[in-house]
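Undergrad: How does the following fold in three dimensions:
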Amino acid sequence: MPQHIPNPSEAFIQAITPEEWRGIARGLHSHLSRTGRRQKELAASAGMAVSNLSAYLNLHRMPSVRTIQRILSAALRTQGITEAMVEHWTRELDIREIRLQEGITDLSELGIEFTVAQRDRLFAAAAGDQVLAGAFLKMTDEIRSSRARAAQLAMAHTDAARESLVQSAVEAFQVDRKMRHFMREVERDIRRVHADERRKHSTPMEVLQDILKKEDVSIERTQQTSPRSGRGRWEGLRWLLTLKDKKRARVTTALHPDQYPFELGRVVGHLRMNRLFGSAGQDEVGRFATSWVEENFPQAAADPAEREQLEQDIIWLIFRSLSGQWATGLFTLPSERFVKLAESNAYDVDYLGAALGVSWETILNRISQLESGLPVHFIKMDWRGVVLKRSSYSGLQFAPLYMRVCGRWASARSLIALPGSVFRQYSVFPDLGGQTFFCVGRSVRAPSMSFGSAPLVYSLTIGVQARDATRVVYARNFTNPPVECGVTCRLCTVLNCENRVCPSASQPGMGKFDFNVIWSGRTIHERIPTTDE
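TA: Model (predicted):
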């Protein structure tokens, strides 16, 4: 019996447009590959050279309407193709080509331009080669991911630099002689509250609740929207205005019950700051912020909105630090009584914490806040080496917050000690004129909210100049030689250091450093060998 040869409809073939040829060519090419048929047979049936047919099917060249009709007529007669298959190919979307177009568009937005000829050649080559298409799509995904990571790093660096500016302004406020009357007024108010309220109540928590009740302030427990909740743009100012005008304060529910009383103390501290200083005090702090920005960051003057935001952040953090000082003083003692108790016990933090019923961090905060007493520097650092809180009355110079501190500091080394154990160290700074400090650090594990949650481990460190070490109980019978340290790797002059993670700015390219430590997410503290005292 003779083989039945389909008689394709002339109207159907003439209805195929050149734009639909892409889908048909891909489908026909795939059909030939799956069935094991050769393009040579189709080319012979269509009466054309195999090289021309291959160029058309692989979309290297676009055939004319007449040529499309010849190829389809031959395919319908000899290759087992039906009109339904052709119609399906014309309607079927090519996801790969769409992704290729999206990839090229993304690259164009990233500044990598393609000419029209390059686009057409790329589509033609990738349409017939799945490996090439996959490689190109993988490359575009990697480029997009790398650009996104670079943008995130740039934003994080800018954000960290901004926080460093704000923190530097607060540190300048604390040591400014004209601004010291704010701290003295806070201490006087703590003394008044101790004299009046503590007689009526048995615990500081009862004092705080009674003050909030008298002020008719309600506390709202809200979910934390982000790790930086309360420190976003204008959020600090809104928090103060809500507390002042609407008599309402928001406290995150992410706080452990042991941390909640101190956060409540901050709220009451803000209330006391509003009453103590009023609008005149806020205006004075505002003038300080304006003058500090003009002197230290004149670039902000080019953008009034950015400058105003920077000044508002400074004002917010200054009042937050003052309210924290008030809360710390309430939970311990007024400055005069506290200094006498600390001096009589050689600044034994364990004894002071047990006597006053507060934590190590509260005692160290109180010691670091006082103008009188022992001139110390205080550092709170997390497990990554990021400084969370700092202050200095001892003369130690800090690097900007967005620059990691030296891995040889007692703050860094105490992180690898057993939680709760005390780490002692003399530190000499060649890049600070050979100044020597005695430092005491302790690794602390924050209370966990639930089982399985990642524990927060951080170090608390205070330091004094070596000449004042005899006033501290921790320096007794400690004779270890001083450890050579730097402010930070970029500023350090100690080149042959096993903990260096970037070259020195004064002599780039010298000294041992390993950038893989930064990009791998490991901390410099993981590379410090433990040493026994």
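Undergrad: Need the single longest strand in this protein, by residues.
TA: strand 435-445 (DSSP state E).
Undergrad: Quick one: name whatever helix or strand follows that one.
TA: Sequence order places strand 457-465 as the next helix or strand after strand 435-445, per DSSP states H and E.
Undergrad: check contacts around residue 80.
TA: residue 35 (C-beta atoms under 8 Å, 6 or more residues apart in numbering). Any C-beta I mention is one placed from the backbone N, CA and C, and that applies to glycine too.
Undergrad: mind checking how far it is from residue 373?
TA: Separation of residue 80 from residue 373 (C-beta to C-beta, to the nearest Å): 95 Å.
Undergrad: cool, residue 63 as well?
TA: In terms of C-beta to C-beta, residue 63 sits 91 Å off from residue 373.
Undergrad: Can you list the low-confidence ranges for the stretch 351-500 of the chain?
TA: Residue ranges of the stretch 351-500 of the chain with pLDDT under 70: 401-404, 454-455.
Undergrad: That one: strands as residue ranges?
TA: Assigned by DSSP state E, counting those that start in this stretch, the stretch 351-500 of the chain shows strands spanning 377-382, 387-392, 422-429, 435-445, 457-465, 483-484.
Undergrad: quick one, the first one and strand 435-445 angle?
TA: Put simply, strand 377-382 runs at 40 degrees to strand 435-445, going by axes from the mean of the first three to the mean of the last three C-alpha atoms, to 10 degrees.
Undergrad: again with the fifth one
TA: Interaxial angle, strand 457-465 versus strand 435-445 (the same axes, to 10 degrees): 160 degrees.
Undergrad: Can you list the low-confidence ranges for the stretch 1-150 of the chain?
TA: 1-15, 18-19, 91-98, 110, 120, 123-130.
Undergrad: Sketch out the helices for it, chain order is fine.
TA: Under the criterion DSSP state H, counting those that start in this stretch, helices of the stretch 1-150 of the chain are mapped to 10-14, 21-35, 39-46, 50-57, 65-78, 83-91, 95-109, 116-128, 130-175.
Undergrad: quick one, which of the ones you listed is nearest to residue 355?
TA: Proximity to residue 355, assessed across the helices of the stretch 1-150 of the chain by C-beta to C-beta, is greatest for helix 130-175 (26.8 Å).
Undergrad: So which elements touch that closest one?
TA: When contacts are defined as 3 or more C-beta pairs under 8 Å, 6 or more residues apart in numbering; DSSP states H and E, helix 130-175 packs onto helix 95-109, helix 116-128, helix 260-296, helix 304-331, strand 387-392.
Undergrad: how much distance is there from whichever helix or strand comes after it to the middle of the chain?
TA: Where DSSP H and E defines the elements, the next helix or strand beyond helix 130-175 is helix 180-196. Distance, stretch centre to chain centre, for helix 180-196: 36 Å (C-alpha atoms, centre = their mean, to the nearest Å).
Undergrad: what about the next helix or strand after helix 180-196, average pLDDT?
TA: Next helix or strand after helix 180-196 toward the C-terminus (DSSP H and E): helix 204-215. Averaging pLDDT along helix 204-215 gives 90.
Undergrad: list the buried ones in helix 204-215?
TA: Residues of helix 204-215 classed as buried by neighbour count (16 or more other C-beta atoms under 10 Å): 204, 207, 208, 209, 211, 212, 215.
Undergrad: Same list (those residues) but as a markdown table, adding distance to residue 135.
TA: Output for the buried residues of helix 204-215, formatted as a markdown table (distance: C-beta to C-beta, whole Å):
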| residue | distance to residue 135 |
| --- | --- |
| 204 | 66 |
| 207 | 69 |
| 208 | 64 |
| 209 | 66 |
| 211 | 67 |
| 212 | 64 |
| 215 | 67 |
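Undergrad: and which of those residues is nearest to residue 381?
TA: Among these, and counting by C-beta to C-beta, the member closest to residue 381 is residue 204, at 27.3 Å.
Undergrad: right, and the closest one touches residue 264 too?
TA: No: Residue 204 lies out of contact with residue 264 (C-beta atoms under 8 Å); the separation is 9.3 Å.
Undergrad: hang on, the earlier thing: which of the helices and strands packed on helix 130-175 sits closest to residue 495?
TA: Go through those one by one with C-beta to C-beta and the one that ends up closest to residue 495 is strand 387-392, at 23.6 Å.
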